[in-house]
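S.K.: let me see the structure of the following:
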Amino acid sequence: MLTAARLGAAALAGALLAGAAAVPALADPTDPASGAPSASASSDASASGSPSGSASGSASGSASGSPSVSSGVPAGLYGKGDPQYDGVWRQSLALIALHQERVVPADAAVKWLLDQQCEDGGWPSYRAEGAACVPAAEDSNATSMAIQALTVLGDHQQQVTRGTDWLRAKQTVDGTWAYNPGTPGDANSTALAVNALLAAGIDPATTSLPGGQSAYNGLASFQLGCWTAAEQRGAFVYQPVSGAPAAPNTIASAQALLASAGGHLPVTTADRKDAAPKTLTCPDTPGDGPVAHADSAEADAAWLTGKLAAGGQRLLLDTPGAAATADFNSTAWSVLGLIASGHSTEARSAADWLAGNGYAWAAQGKSGTDPAATATLVLTASAAKLDPYNFGGANLVQLLVDSGPKPKVGPSAGDPQATRAPGSAITEPDENSGFSAGWLIGVGLLVGIGAGILLSLNRRRNAAAAGSPATGSPAGDTPSGEKPSNEKPSDEKPSGDGPEQGR
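M.R.: Okay, the predicted model is just below:
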């Protein structure tokens, strides 16, 4: 299928070859069809890639370079934004994504993450160099993501074991985890802890405090079952609120799916299921029991698939008081969860939507590149069998590399300049190449041929009007009123208002 840019090029060539008097210009580089981010993508770039969907930065303008000490950001850290709330989270995601793409990070990047770990095994969201650990500030989300990163990198088993020991000690008796220990558990934090346990080779079904519930049981306590309205079944709430009606939460449902499916980061291809996700089968008189773990992922996948279809293959922010704009983070986690649960077919359209619209979320935060968002898209692209080196026209891997310290082994593919010319509204996986150099060369040749034909036709018309043969006059003889020309036809140049001036 031709993209708008290619159709425009074909129309241009056709107009020239037909001898049209008025030739359309090529697409303006700021137009969505020409490869720039759409206005909707830019305005929607408010969701974040930070823990539990909290804001970690959104759109701004510049492409990122390497952070520097003078900017106030540690030299080993990815991203230029304030790391106070997401330093460990974004560093871990970046290391997971780059390792998946066989980029070997700088020692300083790995050391920074290791140095953030506290003596008791947990990680805070961020602590300044030399600052003491404060147990109350340790964070289950940061710890869970750091465990996954160090597991992927390898050779850090001691730190991983200390991290999982910390997680197991901070699990509540009901089987859940809170963002900070001592507060009520929530679906997002519980799902991330399950991801970390799975990555470290620990079965969440066997993880519990003495006399308490398992991690899977804790996760199930947030899922809406047969006792709720049919359109809510399978979704997850963030936290149950006593006396308040259950309210499905988009990011909680998206992050819980990967955990319910028994997955962790990075997501690798699972056994593909030909059938669509199954909705919960409920008896005529449903009870109030939890959703069985065997049915959990399917029910959640069915709910998310319906929400994606209703939202144009994207999920929308459902934060109270917030505008219903695109939620890139939830959409990406939904794709990861759907693929992990075997529903790659249902994930494909949402992955294509992210390819066409995700550049602003990843690359145009208020501090430049958002490494958490970029890494999430890298992981999503690879899981969906799309190209992270050319994801809607953007080289996400290079973008992520540029946001941190120079790696020991850099990217093996892709055009670094592609990060400056992202695509937009790409809806088919084979169209991720955008408006390629080969097409530009082809269009240029057609422009030249068309211009020559127009000049030849014009000369013939002038010759006929003057009563001369169309092939020209003998040497020295020119039609009345014409000035002799010393230029050969091949020396003719297109006029200043030709197609080249409209690019």
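
S.K.: for T419, what are its contacts?
M.R.: A63, A363, A394, N395, L396, Q398, L399, D402 (CB atoms under 8 Å, 6 or more residues apart in numbering). Just so you know, the C-beta spots here come from the backbone N, C-alpha and C atoms, and that holds for glycine as well.

S.K.: now render these as a markdown table, adding secondary structure, distance to P283 and neighbour count.
M.R.: A markdown table is the format used below for the contacts of T419 (DSSP: H, G, I helix; E, B strand; the rest coil; distance: CB to CB, whole Å; neighbours: other CB atoms under 10 Å):
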| residue | secondary structure | distance to P283 | neighbour count |
| --- | --- | --- | --- |
| A63 | coil | 56 | 14 |
| A363 | helix | 50 | 30 |
| A394 | strand | 49 | 30 |
| N395 | coil | 52 | 25 |
| L396 | helix | 46 | 35 |
| Q398 | helix | 54 | 23 |
| L399 | helix | 51 | 30 |
| D402 | helix | 55 | 21 |
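
S.K.: got those residues as a markdown table, with pLDDT columns?
M.R.: A markdown table is the format used below for the contacts of T419 (pLDDT from 0 to 100):
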| residue | pLDDT |
| --- | --- |
| A63 | 35 |
| A363 | 94 |
| A394 | 95 |
| N395 | 96 |
| L396 | 97 |
| Q398 | 96 |
| L399 | 96 |
| D402 | 96 |
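
S.K.: which of the residues you listed lies closest to A108?
M.R.: Using CB to CB, D402 comes nearest to A108 of the contacts of T419, at 15.5 Å.

S.K.: what distance do you get for the closest one to R420?
M.R.: Using CB to CB, to the nearest Å, D402 is found at 11 Å from R420.

S.K.: again, but for S140
M.R.: Computed as CB to CB, the S140 to R420 distance reads 38 Å.

S.K.: higher neighbour count, these two?
M.R.: S140 (28 against 13; other CB atoms under 10 Å).

S.K.: isn't that one right next to A191, touching?
M.R.: No: counting by CB atoms under 8 Å, S140 stays clear of A191, with 10.6 Å between them.

S.K.: the helices in the stretch 251-400 of the chain, which residues?
M.R.: Using DSSP state H, counting those that start in this stretch, the helices of the stretch 251-400 of the chain run over 293-310, 328-340, 344-357, 359-363, 371-383, 396-402.

S.K.: please point out which parts of stretch 291-311 sit buried.
M.R.: Neighbour-count burial for stretch 291-311, counted by 16 or more other CB atoms under 10 Å, picks out 291, 293, 295-308, 311.

S.K.: now do the contacts for A340.
M.R.: Neighbouring residues of A340 by CB under 8 Å, 6+ apart: L257, L258, A261, G262, G263, V267, A270, A383.

S.K.: redo these as CSV? Include pLDDT, distance to I147 and neighbour count.
M.R.: Below are these laid out as CSV (pLDDT from 0 to 100; distance: CB to CB, whole Å; neighbours: other CB atoms under 10 Å):
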residue, pLDDT, distance to I147, neighbour count
L257, 98, 20, 32
L258, 98, 15, 27
A261, 97, 18, 24
G262, 96, 16, 18
G263, 97, 15, 23
V267, 97, 16, 21
A270, 73, 21, 17
A383, 97, 20, 26
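
S.K.: which one of these is nearest to S334?
M.R.: When those are ranked by distance to S334 (CB to CB), L257 comes first, at 6.8 Å.

S.K.: pLDDT-wise, which helix or strand of this protein ranks last?
M.R.: Every helix and strand in the chain was compared by mean pLDDT, DSSP states H and E; the lowest is helix 39-44, with a mean of 34.

S.K.: which pLDDT value belongs to D415?
M.R.: Per-residue pLDDT puts D415 at 88.

S.K.: from D120, how far off is K406?
M.R.: Per CB to CB, K406 is found 33 Å from D120.

S.K.: ok, W361 next?
M.R.: Distance from W361 to D120, by CB to CB: 35 Å.

S.K.: so which of the two has more stuff around it?
M.R.: Taking neighbours as other CB under 10 Å, W361 and D120 compare with W361 leading, 32 against 14.

S.K.: for T376, give me its contacts.
M.R.: G49, L93, A97, N329, A332, W333.

S.K.: roughly how far does it sit from D295?
M.R.: Distance, T376 to D295, using CB to CB: 27 Å.

S.K.: again with F328
M.R.: Applying CB to CB, the value for F328 to D295 is 29 Å.

S.K.: could you dump the helices of the stretch 251-400 of the chain into JSON lines with distance to K80 added?
M.R.: Output for the helices of the stretch 251-400 of the chain, formatted as JSON lines (distance: least, CB to CB, whole Å):
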{"stretch": "helix 293-310", "distance to K80": "32"}
{"stretch": "helix 328-340", "distance to K80": "20"}
{"stretch": "helix 344-357", "distance to K80": "23"}
{"stretch": "helix 359-363", "distance to K80": "12"}
{"stretch": "helix 371-383", "distance to K80": "9"}
{"stretch": "helix 396-402", "distance to K80": "11"}
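
S.K.: any idea which element A149 lies in?
M.R.: In the assignment (DSSP states H and E), A149 maps to helix 140-153.

S.K.: same question for that helix, mean pLDDT?
M.R.: Here the average pLDDT along helix 140-153 is 98.

S.K.: for the helix or strand following that helix, which outside residues touch it?
M.R.: Under the assignment DSSP H and E, the closest C-terminal helix or strand after helix 140-153 is helix 157-170. Contact with helix 157-170 is made by 114, 117, 120-123, 138, 140, 143-144, 146-147, 150-151, 177-178, 181, 193, 196-197, 200, 202, 207, as judged by CB under 8 Å, 6+ apart.

S.K.: after helix 157-170, which helix or strand is next?
M.R.: Next along the chain after helix 157-170, taking DSSP H and E as the criterion, comes helix 187-199.

S.K.: all good on my end, thank you.
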